[in-house]
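Novice: kindly return the folded structure for what I paste below:
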Amino acid sequence: MIAVLGAGSMGSVIAEDLIAEDEVTVIDTSKTALDKVKGCNVFLGDVFDFDRFDSVELFITALPADAAYEIVKKLLSHGKSVVDISFTDYDPFDLDDISKKNKAIFIPHAGFAPGLSNILAGKLYYSEDSRNMEIIVGGLQKKHIPPMDYIPTFNAGSVIDEYIRPAKYLVEGEVRMAEPLETLETLTIEGIGHLDTFYSDGLATILDTFNGASVIEKTVRYHGHLEKMKFLRDMGYFSGSSADNCSPRKISERIFQSLVKDEKDLSILQVRQLDGARLQFECIDSYDEILGISSMRRMTGYSAASISSAILKGHIEETGVYPAEWIGRETAIYDFILKRLMDHGITIELKRPQK
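Specialist: As a prediction, the model looks like this:
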């Protein structure tokens, strides 16, 4: 049995995608959220009160980052393997000993980016011996939408975090940090147009596993949006300082969240080798018109489901923390996951420089 913790937009996609592989139960404390889940068993309540807990082979956590750590740690202590899609500040390798002691597999940051981006970067690092690369990633609406030229494609608070959390990157194996909105650059992608990029903090476990490498992640937005965010930051609208039980940050989050609407979106992922053969992986994915699933949900949910499927089918057996980039060094696992994504219409193109 598979259990998915969290019946939100990502958890529901993961659960519904894995129905064909095993019995799936979605667990949440919100009846409203569970009522929207299709085709799966549901359990309303705390995961550790689930009456079939012992029967679960794999847990997939699609929870807010601030809630995930303690739950993941407790699941691993019970000998349960976990695939987690949340972006968290803690070091996943802190859970390596407890995972190995209880013979559990733990794959952190198993979504779109970090997640799929790490897998492709791992392919370049381990198979192509690349030590210099950049990751270009982002989710956009298919058209510019005022006033921000951007609508959050995931939690509004997490979007603001991207603009103010120092971005960690690697220079010859040394971790460095930059203020995201002080790193603006321009980029043109064929078929999409002129974009702006900024350094973002999505390398995750790559910071620990890519010895001697130089790696930067850059997130894309439509031209003009980042200058607006820089203005809001400089004016203090992202400040958490509280006055009268309210903060500019909380107000900004509410305003950002109010702008969210069901707009057709696209996702961009490029992993570029800057040394050696200068290979480039590229994926441009779009909103699913038939199923009505956003591209961001597809990229995150199907990546997590594919990694989970690799565990369920015995392709990943090594206990302990297993970072997503390690998949790139294992050809059979790598091919399995890319084939599964391709079955969902997510195509990763390998480009070689023109001679």
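Novice: please enumerate the helices of the chain.
Specialist: With DSSP state H as the criterion, the chain has helices at 9-18, 31-34, 65-77, 96-101, 116-122, 156-164, 206-209, 225-234, 248-258, 295-312, 331-343.
Novice: so which of these comes closest to His144?
Specialist: If you check each of these against His144 by CB to CB, helix 225-234 wins as the nearest, at 8.8 Å. To be clear about C-beta, it is placed using only N, CA and C from the backbone, and glycine gets the same treatment.
Novice: could you check the angle that closest one makes with helix 156-164?
Specialist: Here helix 225-234 runs at 90 degrees with respect to helix 156-164, directions being taken by axes from the mean of the first three to the mean of the last three CA atoms, to 10 degrees.
Novice: of the helices of the chain, which stretch is the most buried?
Specialist: With neighbours defined as mean count of other CB atoms under 10 Å, those peak in mean count at helix 116-122, which reaches a mean of 29.
Novice: ok, Gly320 - contacts?
Specialist: Counting by CB atoms under 8 Å, 6 or more residues apart in numbering, Gly320 makes contact with 96, 99-100, 105-106.
Novice: and it, how close does it get to Gly45?
Specialist: Computed with CB to CB, to the nearest Å, the distance linking Gly320 and Gly45 is 30 Å.
Novice: could you identify the most distant pair in the contacts of Gly320?
Specialist: Among these, the pair separated by the greatest distance (CB to CB) is Asp96 and Ile105, which sit 11.1 Å apart.
Novice: for the nearest residue to Arg131 once chain neighbours are set aside, give its distance to Ala243.
Specialist: On the basis of CB to CB, 6 or more residues apart in numbering, the spatially nearest residue to Arg131 that is not a chain neighbour turns out to be Ala213, at 4.6 Å. Spatial separation of Ala213 from Ala243 under the definition CB to CB is 44 Å.
Novice: tell me who's in contact with Ile98.
Specialist: Ile98 makes contact with 73, 76-77 under the criterion CB under 8 Å, 6+ apart.
Novice: mind doing that once more with 6 Å?
Specialist: Contact criterion CB atoms under 6 Å, 6 or more residues apart in numbering gives 76-77 as the residues in contact with Ile98.
Novice: try Ile27
Specialist: By CB under 6 Å, 6+ apart, the residues touching Ile27 are 3, 5, 43, 47.
Novice: 7 Å - rerun?
Specialist: Going by CB atoms under 7 Å, 6 or more residues apart in numbering, Ile27 touches 3, 5, 43, 47, 50.
Novice: between those, which is closest to Pro114?
Specialist: Distance to Pro114, by CB to CB, is smallest for Leu5 among the contacts of Ile27, at 18.9 Å.
Novice: thought that closest one was touching Pro64?
Specialist: No. With contact defined as CB atoms under 7 Å, Leu5 does not reach Pro64; the gap is 10.9 Å.
Novice: please say which of those two ends up with more neighbours.
Specialist: Here Leu5 and Pro64 are set side by side on neighbour count (other CB atoms under 10 Å), and the busier one is Leu5, at 25 against 13.
Novice: chain neighbours aside, what residue packs nearest to the more buried one?
Specialist: In this structure, Leu5 finds its nearest non-sequential neighbour in Thr61, 4.7 Å apart by CB to CB, 6+ apart.
Novice: equivalent analysis for Leu350, please.
Specialist: The shortest distance from Leu350 to any residue other than its chain neighbours is 5.9 Å, reached at Phe281 (CB to CB, 6+ apart).
Novice: which residues does that neighbour bridge with?
Specialist: Note on Phe281: beta-bridge partners by DSSP bridges are Val271, Leu350.
Novice: list the residues that contact it.
Specialist: The contact partners of Phe281, by CB under 7 Å, 6+ apart, come to 120, 270-271, 348, 350.
Novice: picking up where we left off before, what's the spacing between the residue nearest to Arg131 and Thr300?
Specialist: Here the criterion is CB to CB. By it, Ala213 lies 25 Å from Thr300.
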